[in-house]
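Trainee: generate coordinates for the sequence data below:
(4 chains)
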2 protein chains.
Amino acid sequence: MHENRLELMDADVQQSLKLFVVLSRASKTLMDYAQHDMKHYQLNPSEFAVMEMLYHKGSTPIQQIGGKVLLASGTMTYVVDKLVNKGYIKRRPCEQDRRVIYAELTEEGERVMTAIFPKHAAAIHESMRGLTADEKQQLIELLKTLGQSATSPE
Amino acid sequence: MHENRLELMDADVQQSLKLFVVLSRASKTLMDYAQHDMKHYQLNPSEFAVMEMLYHKGSTPIQQIGGKVLLASGTMTYVVDKLVNKGYIKRRPCEQDRRVIYAELTEEGERVMTAIFPKHAAAIHESMRGLTADEKQQLIELLKTLGQSATSPE
DNA sequence: TAATAATATCTTGAATACGAGATTAATTTA
DNA sequence: TAAATTAATCTCGTATTCAAGATATTATTA
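Mentor: Residues are numbered from 1 along each chain as shown, chains lettered A, B, ... in the order given. Now for the predicted structure:
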């Protein structure tokens, strides 16, 4: 009696729900995989994302970092504090605009990311070994389209 | 100097990282969309997932629910408590095995899910309007493969 | 110039999640 | 049957996140 509630739905809607579930699972699996790798470096996903952005972009205003890695401002303070305590980044007030504070890697932070990042990238790459380059490219295109359609005005 | 750190990497690895980012974003966008819809019914994603499972499977041991919707046992207690307080589900001890406790929808819970679920399904479906049925099918297959490769033995 | 609006960061409180350990019950072993 | 093991749930402490509000600074406007 319960089982066929799903079967009574429109087939297209069923397919969308199926995709939703598969997307959730695949995403969670990959995130767990990445998180597990980060644990080797004593970093959680938010911390790693901030470190990675600073590693690739250099000194950046805290707010810009939050916008890029999709973290709320309160979260940014928390994450930056933790990374400062670890000695990986430092705050540097902007001289032109004293509302702004830059975050940037310390020498220690640079050193750590230089050691860590290639390993982490390799781990991510390894987690996707089930797909060919062509399949990955297809996935990238399809996911981009999906992401856009879910964002744009209802 | 910072920008081309990425460019120095192997192209295949770069592609995998790109896919990782696109997957994260698409997933987050869809989850945010779904969460926004659930808010109309005063339910968060974990609560909705539990309700949905009970709606489709009927009375189920709490641990099994946790396994299916990927929540830790401590979290299950918390979520079940909240749904019980809302009057949507109830606990029922198993008579054969007194370690086991079933959760099941109350009449109110049944009523609410019958009203809510089709609307939620329609919202999910709508969020994916940017893809054709064929594209969705491709995505489903590719994501399944990806999810498996990230799970299987390192 | 004074008042207002906008911007960036930080503070605080609530919600959510996990993990370790406690509790209770069932099952297996000696 | 007693002890040990396994299993299911719950309790408690901690971590992470967001949202709303507070504070400080800059930009705009009257």
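
Trainee: going by secondary structure, A:M31 is in what exactly?
Mentor: Element membership of A:M31 [criterion: DSSP states H and E] is helix A:11-39.

Trainee: tell me the angle that helix makes with helix B:11-39.
Mentor: Here helix A:11-39 runs at an angle of 120 degrees relative to helix B:11-39 (axes from the mean of the first three to the mean of the last three Cα atoms, to 10 degrees).

Trainee: quick check: next helix or strand after helix A:11-39?
Mentor: Sequence-wise, the next helix or strand downstream of helix A:11-39 (DSSP H and E) is helix A:45-57.

Trainee: hmm, back to that, list the helices and strands the helix holding A:M31 packs on?
Mentor: On a contact count with 3 or more Cβ pairs under 8 Å, 6 or more residues apart in numbering or on different chains; DSSP states H and E, helix A:11-39 meets helix A:4-7, helix A:45-57, helix A:107-127, helix B:11-39, helix B:107-127, helix B:133-151. All C-beta atoms are positioned from the backbone trio N, CA, C, and that covers glycine.

Trainee: so can I have a markdown table of the ones you listed showing distance to DNA strand C and mean neighbour count?
Mentor: Output for those, formatted as a markdown table (distance: least, Cβ to the nearest atom of the strand, whole Å; neighbours: other Cβ atoms under 10 Å in any protein chain shown):
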| stretch | distance to DNA strand C | mean neighbour count |
| --- | --- | --- |
| helix A:4-7 | 23 | 12 |
| helix A:45-57 | 12 | 20 |
| helix A:107-127 | 17 | 17 |
| helix B:11-39 | 10 | 17 |
| helix B:107-127 | 16 | 17 |
| helix B:133-151 | 16 | 17 |
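
Trainee: can I get those in a markdown table with distance to B:R99?
Mentor: Output for those, formatted as a markdown table (distance: least, Cβ to Cβ, whole Å):
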| stretch | distance to B:R99 |
| --- | --- |
| helix A:4-7 | 30 |
| helix A:45-57 | 35 |
| helix A:107-127 | 36 |
| helix B:11-39 | 32 |
| helix B:107-127 | 24 |
| helix B:133-151 | 29 |
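
Trainee: want to throw these into TSV with distance to A:Q14 and mean pLDDT?
Mentor: Listed next are the helices and strands packed on helix A:11-39 as TSV, based on distance: least, Cβ to Cβ, whole Å; pLDDT from 0 to 100:
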stretch	distance to A:Q14	mean pLDDT
helix A:4-7	7	83
helix A:45-57	32	95
helix A:107-127	29	95
helix B:11-39	16	94
helix B:107-127	8	95
helix B:133-151	11	94
